[in-house]
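Student: Next comes the sequence, and after it the predicted model I'd like to discuss.
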Amino acid sequence: MKFSYKVSPNYAAKQSTTGIMLELSLALVVVTVASAIWYGVTGGASLGIRVILLSIASVVTALCTETLYLLARKKKDIAKELLHSYGWVTGLIIPLITRINVSFYAIIIATAIAILFGKMLFGGFGQNIFNPAAFAEAIIMNSFSASVAADIQTGATPLAAMKSYGWVVDGSALQNVLGQFGNLSGMFLGNYQSVIGGSCALLLILVAVYLIARRIIDYRLTVTYIVTVFVVSLIVGLMHGAGIEYAIVNVLAGGVLFAGVFMLTDPVTSPVSIPGRYVFAVGAAALTLIIRWKANLPDGALYSVLIMNMLTPAIDQLLDGSQIKDAAKIARKAVIAMCAFLVAVLLVGSSLVAKTPTVAEEPKKDDKPAEAVALSAEDFSENNAECTETSNDGTTAVYACKAHGFEGVNEATVTVDVASKSVKSIEVTKFGDTESVGDQATKAAELEKYKGVTLESKVDSTTGATFTSTSLRAMITTALQAATK
């Protein structure tokens, strides 16, 4: 008999870590290629190529960042260190959880920061606290949301449509939402734009089945997370008169499936015990829905992963003990923890209130539009517009502005001709309102009408995007007022 004297944990498995990571990489490549094909077919070859180039940029950045760090640490066998650090896996995931219009600059910077500060400084693979890919996407969403390719238009998403109803969607309202995306079958097949790798539910389910069958990922995390999202959404939907379709949409839309397959299952940042993994998955599901329903964020899956990553040490400590002698005690603690998460999310869900969707901005055809007045006479008090001068050469002044729109804050750069006190240009740098509705006011043709505008000019709102248009006029007015001082 051969005894093992290695420090625990010890695994009696035929698969090596490298083998597992290579199969995981293969699955990510499949999703990347499928996404590239879909974007290439629906949006043109340039978009398909862009998906591939974003992945290459992210992978190369991840490997280069790790190489530079290893060189700084004076490691000798760089190739071996890179092979067992698996940085390319993070590089493959990051583009798949971003939108197609993300800039290469944002991808490169976010990947580098995530690899360095989210992984290597903790000690590298196996020592990091946070999922590096989720860390990178959080950086993109919070610091580079305005860094997008201006020539790429993104469409509406199911989550944005659901949010416009206050997440209380039933009957005909739900059919209106689903109709925009080819009903449930269209969502299942991914016939809409979301994050690059998160649209096609069918593909992600097939990949999940393969990875679970091969024991590459722990089915407990994936299945528990997805089932919890579904069941809680079903209960909340029934509270508000919605049926099973409401729960299905909550699972298919956004990053739930992708997070459940590729992010929650990271063995480094999830609990080590089986009861702990159930708590981890239920907590992530609850936080996903709470953030989705109540926070001004596009989806809750990303932040739920990061928050539960932080709670992993606490979960491990809470459920510490002999898995045999203390089994009943550990199970009791796990059930209490899961119930706490479930009660919290159900309370939040019960408090949801229906609201008029954003599309109600658009006036009826037989209604007369409000008569435009001079900018100086308009009331922009509800927009809370602010402008900061970033440069002024005596001829041209540039202002970084922000103002509240319909459901978020819009930001823009306003350039003013100092002599004539008129607008030379306005460029929207961050769009905080509902996509495919309010963004009608941010199109190039609409922004062109602001050129030459002064405080005494009258500017009409964009039909169907009144609130966004008002926020733009508020920023322009504030910039012009600053230029006259």
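Tutor: The structure has been received and is ready for your questions. Numbering: from 1, shown residues only.
Student: So, low pLDDT: which residues of this protein?
Tutor: Within the chain, the segments meeting pLDDT under 70 span 1-14, 145-156, 171-172, 296-298, 355-372, 407, 434-438, 464.
Student: Break it down into its domains, please.
Tutor: Listed domain ranges for the chain are 14-147, 157-355, 375-483 (source: automatic domain parsing).
Student: Reformat those as a markdown table; add mean neighbour count.
Tutor: C-betas here are computed from N, CA, C, even on glycine. Below are those laid out as a markdown table (neighbours: other C-beta atoms under 10 Å):
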| stretch | mean neighbour count |
| --- | --- |
| domain 14-147 | 19 |
| domain 157-355 | 20 |
| domain 375-483 | 19 |
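Student: Can you tell me the SS state at Glu427?
Tutor: Put simply, Glu427 is strand when judged by DSSP: H, G, I helix; E, B strand; the rest coil.
Student: for Ala397, that is, sorry about that
Tutor: Applying three-state DSSP: Ala397 is strand.
Student: Tell me who's in contact with it.
Tutor: Contact analysis of Ala397 by C-beta atoms under 8 Å, 6 or more residues apart in numbering lists Glu389, Ser391, Thr415, Val416, Val418, Ala479, Ala482, Ala483.
Student: Phi first, then psi, for the last one.
Tutor: Read it as Ala483. phi -70, psi -20 (degrees, to the nearest 10).
Student: Looks like it contacts Val416 (just checking).
Tutor: Yes: using C-beta atoms under 8 Å, Ala483 is in contact with Val416, at 4.5 Å.
Student: what is in contact with the two at once?
Tutor: Ala397, Tyr399.
Student: quick one: Ser420 from Thr396, how far?
Tutor: Look at Ser420 and Thr396: by C-beta to C-beta, to the nearest Å, they are 11 Å apart.
Student: no, scratch that, I was asking about Gly405
Tutor: From Gly405 to Thr396 the distance is 26 Å (C-beta to C-beta).
Student: Ser381 too?
Tutor: 29 Å.
Student: what's the answer for Asn128, then?
Tutor: Distance from Asn128 to Thr396, by C-beta to C-beta: 46 Å.
Student: next one: Ala259
Tutor: 46 Å.
Student: Could you do Ala136 as well?
Tutor: Ala136 is 36 Å from Thr396, by C-beta to C-beta.
Student: what's the closest of the contacts of Ala397 to Thr111?
Tutor: Ser391 (30.4 Å; C-beta to C-beta).
Student: Could you say whether that closest one sits in a helix, a strand or coil?
Tutor: Following three-state DSSP, we place Ser391 in the strand state.
Student: and Val398, what are its bridge partners?
Tutor: Counting by DSSP bridges, Val398 is bridged to Ser391, Thr415.
Student: what sits against it?
Tutor: Glu389, Thr390, Ser391, Asn392, Thr413, Val414, Thr415, Val416.
Student: same thing but 7 Å
Tutor: By C-beta atoms under 7 Å, 6 or more residues apart in numbering, the contact set of Val398 is Thr390, Ser391, Thr413, Thr415.
Student: isn't there a strand covering the third one?
Tutor: Yes: the assignment for Thr413, made by three-state DSSP, places it in a strand.
Student: Contact partners for it?
Tutor: Here Thr413 is in contact with Val398, Ala400, Glu427, Thr429 (C-beta under 7 Å, 6+ apart).
Student: Try it again at 8 Å.
Tutor: Thr390, Val398, Tyr399, Ala400, Cys401, Ile426, Glu427, Thr429.
Student: now the nearest residue to it once chain neighbours are set aside: how far from Ile100?
Tutor: Nearest non-adjacent residue to Thr413, counting by C-beta to C-beta, 6 or more residues apart in numbering: Glu427, 4.7 Å away. Glu427 sits 20 Å away from Ile100, going by C-beta to C-beta.
Student: Please apply the same query to Met239.
Tutor: Taking C-beta to C-beta, one finds Met239 at 35 Å from Ile100.
Student: in the stretch 51-200 of the chain, which spans are strands?
Tutor: Assigned by DSSP state E, counting those that start in this stretch, the strands in the stretch 51-200 of the chain number zero.
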